[in-house]
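*Asks:* Got a predicted structure here, sequence first:
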Amino acid sequence: MYFTTINAFGVPILYPILAVILLLLSTILFIISLFRVMKHKEVLS
């Protein structure tokens, strides 16, 4: 079987794995920013 890979720092990473990692990172960043905005709004009001 043939898998498409991308080299990151000399380490081959499978595209599906890379997609999952990027999705998790973006979700975590979104949640963190959402909590920061909510906390900031509570302080302002």
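*Replies:* Structure received.

*Asks:* and Ile21, how many neighbours does it have?
*Replies:* Number of residues near Ile21 (other C-beta atoms under 10 Å) recorded here: 12. Quick note: C-beta positions are derived from backbone N, CA and C, even for glycine.

*Asks:* and it, which of the three is it?
*Replies:* helix (DSSP: H, G, I helix; E, B strand; the rest coil).

*Asks:* host element of the most centrally placed residue in the chain?
*Replies:* Closest residue to the average C-alpha location of the chain: Leu25 at 1.5 Å, with C-alpha atoms, centre = their mean. If you go by DSSP states H and E, Leu25 is part of helix 15-44.

*Asks:* what pLDDT, on average, does that helix get?
*Replies:* Helix 15-44 comes out with an average pLDDT of 87.

*Asks:* tell me what that helix is packed against?
*Replies:* Of the remaining helices and strands, those touching helix 15-44 by 3 or more C-beta pairs under 8 Å, 6 or more residues apart in numbering; DSSP states H and E are strand 5-8.

*Asks:* quick one: the strand it packs on to chain centroid distance?
*Replies:* 17 Å (C-alpha atoms, centre = their mean, to the nearest Å).
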